[in-house]
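Asks: take this sequence and fold it.
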Amino acid sequence: MSASESAGQPARRSEVKDRAALIAAYREGLGLAAIVIDGPAGICIAAGEPRGEASSAPGHARWWCRRRIDAERVATAATALLRRRQAKDGATAPAVAVLHAAEAIAAAAKRLDVALYSDDDVALAAERIIARVDREIEALRQAGGMKSINRAYKSYRIEASGRGDKVLPHAQWFNKYRQNLLRELAAALRYR
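Replies: The predicted model follows:
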């Protein structure tokens, strides 16, 4: 690996982390509820966030639905389906058990008429909104319209310093600002 490649890795990790935070803010704004297969200590289907990193760890899978109550209903029904299958088929390899759990979730959601969205579905929708926000921010920059945002940062900095809190650098503060903006936009979309 060249020096320039290794120097770009922290920036790339930071960019990926920032993008993941923006997508999470979008999900929060929409009020999406997770249905999770959490598998390291055995397969468990639950409504809620997985323990640890969900989509990247083996034995984990996650879907989203619009309401927490629907996520709980699907998780309960899928767990019952999975238990019946396990009782009938016996023990299976962990990878097969995750596949069976995913099938149970899909079947339960279909039977309960609950729309499920994959992480990829949600990320794709979020990316469209993120791109729109970024275009609007760039248009503001081009037109010299960032004054109100810069004033907000200055106010934040003065207030945080006055309380003795650590002040975030402008780039970090601006990322949080974008996350809040996405959260608000997604909340507005929730009721469409």
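Asks: now for the longest helix along the chain, which elements pack on it?
Replies: The longest helix of the chain (DSSP state H) is helix 3-30. When contacts are defined as 3 or more Cβ pairs under 8 Å, 6 or more residues apart in numbering; DSSP states H and E, helix 3-30 packs onto helix 119-143, helix 170-190. Placement of C-beta: from N, CA and C, glycine included.
Asks: for Asp89, which of those helices is the nearest?
Replies: Within the helices and strands packed on helix 3-30, the stretch nearest Asp89 is helix 119-143; the backing value is 27.8 Å (Cβ to Cβ).
Asks: okay, the helix or strand that that closest one is followed by in PDB with CA atoms only?
Replies: Per DSSP states H and E, the first helix or strand lying C-terminal to helix 119-143 is helix 147-163. Taking C-alpha atoms only, helix 147-163 is exported to PDB below (Å, rounded to 0.1, in the frame of the first residue of the first chain):
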ATOM      1  CA  LYS A 147     -24.500  33.500   6.700                       C
ATOM      2  CA  SER A 148     -27.400  32.200   8.900                       C
ATOM      3  CA  ILE A 149     -25.800  28.800   9.200                       C
ATOM      4  CA  ASN A 150     -22.400  30.400  10.100                       C
ATOM      5  CA  ARG A 151     -24.200  32.600  12.700                       C
ATOM      6  CA  ALA A 152     -25.800  29.500  14.200                       C
ATOM      7  CA  TYR A 153     -22.400  27.900  14.600                       C
ATOM      8  CA  LYS A 154     -21.000  31.000  16.200                       C
ATOM      9  CA  SER A 155     -23.900  31.100  18.600                       C
ATOM     10  CA  TYR A 156     -23.400  27.400  19.400                       C
ATOM     11  CA  ARG A 157     -19.700  28.000  20.000                       C
ATOM     12  CA  ILE A 158     -20.300  30.900  22.300                       C
ATOM     13  CA  GLU A 159     -22.900  29.000  24.300                       C
ATOM     14  CA  ALA A 160     -20.900  25.800  24.600                       C
ATOM     15  CA  SER A 161     -17.800  27.800  25.700                       C
ATOM     16  CA  GLY A 162     -19.800  29.700  28.200                       C
ATOM     17  CA  ARG A 163     -21.000  26.400  29.700                       C
END
